[in-house]
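> Give me coordinates for this.
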Amino acid sequence: MNDESRTGTDNPTPEELREKVERTRDELGQTVEALAAKADIKAQAKEKTAAVKEQAAEKAAMVSDQIREKAGQAVQQVKETVPDPVLAKATQAAAQVRASTGRAGQYAAANTPDPLREKAGRAVAAAQANRTPIVAGGVLLAVFLLVRRSRGSRR
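Below is the predicted model:
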């Protein structure tokens, strides 16, 4: 071995030492960042919540599409299989039910005390004002129940 090769490995130059220190600092910084990310439970929870929300929205859309498709198929099947006289009779019965419901609503409105009617009106207004969160909550509940049901059937 000659002296030059020995000097390169045993006695690094100040520049080589600086580069090595800088690389070590970078590696240490990356390690610290990785450990901090693992320790940041709040950020992990937010990421998990966002992922679950996205999955729930996707499942809700999928379930909604499936329900629409099945409902359309059911309507088509009913139209194809039910004779016209029965459909006419059902239409007539539906009209009678609507009329009876209207009369019952008028009767209830006429005989309901004013304070109760005001409270019901406020409840309806609040539900209409918060329609999106109520629908979203209902969809999330439906998705949760469907997922729970499907997991229960696999066991």
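> Which of the helices or strands spans residue 34?
For residue 34, the element it lies in under DSSP states H and E is helix 14-39.
> Off-centre distance for that helix?
Distance of helix 14-39 from the chain centroid (CA atoms, centre = their mean, to the nearest Å) equals 40 Å.
> Could you identify the helix or strand that succeeds that helix?
Next along the chain from helix 14-39, counting by DSSP H and E, comes helix 41-81.
> just checking, what packs against that next one?
Helices and strands touching helix 41-81, by 3 or more CB pairs under 8 Å, 6 or more residues apart in numbering; DSSP states H and E, are helix 131-154. Backbone N, C-alpha and C define where each C-beta goes, glycine included.
> who's in contact with the helix it packs on?
56, 59, 60, 63, 64, 127 (CB atoms under 8 Å, 6 or more residues apart in numbering).
> if we go to 6 Å?
56, 59, 60 (CB atoms under 6 Å, 6 or more residues apart in numbering).
> Return the member of those nearest to residue 40.
Of all the contacts of helix 131-154, residue 56 has the smallest distance to residue 40: 23.7 Å, by CB to CB.
> Contact partners for the closest one?
Contacts of residue 56 by CB under 6 Å, 6+ apart are 140, 143.
> looking at the protein, which helix or strand is least sure?
Least confident helix or strand, the chain: helix 3-10 with a mean of 51, by mean pLDDT, DSSP states H and E.
> got CSV for the contacts of helix 131-154, with distance to residue 19 and pLDDT too?
Below are those laid out as CSV (distance: CB to CB, whole Å; pLDDT from 0 to 100):
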residue, distance to residue 19, pLDDT
56, 50, 86
59, 52, 87
60, 55, 86
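> for these, which one is nearest residue 25?
residue 56 (43.0 Å).
> CA-only coordinates of stretch 81-95 in CSV, if you can.
Provided in CSV are the C-alpha atoms of stretch 81-95 (Å, rounded to 0.1, in the frame of the first residue of the first chain):
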residue,chain,number,x,y,z
THR,A,81,-96.1,-8.1,-14.7
VAL,A,82,-99.2,-6.2,-13.2
PRO,A,83,-102.2,-6.1,-15.5
ASP,A,84,-103.6,-2.7,-16.6
PRO,A,85,-106.8,-3.0,-14.5
VAL,A,86,-104.8,-3.5,-11.4
LEU,A,87,-102.5,-0.6,-12.1
ALA,A,88,-105.6,1.6,-12.7
LYS,A,89,-107.1,0.4,-9.4
ALA,A,90,-103.8,1.1,-7.6
THR,A,91,-103.7,4.6,-9.1
GLN,A,92,-107.2,5.3,-8.0
ALA,A,93,-106.4,4.0,-4.4
ALA,A,94,-103.3,6.2,-4.3
ALA,A,95,-105.5,9.2,-5.2
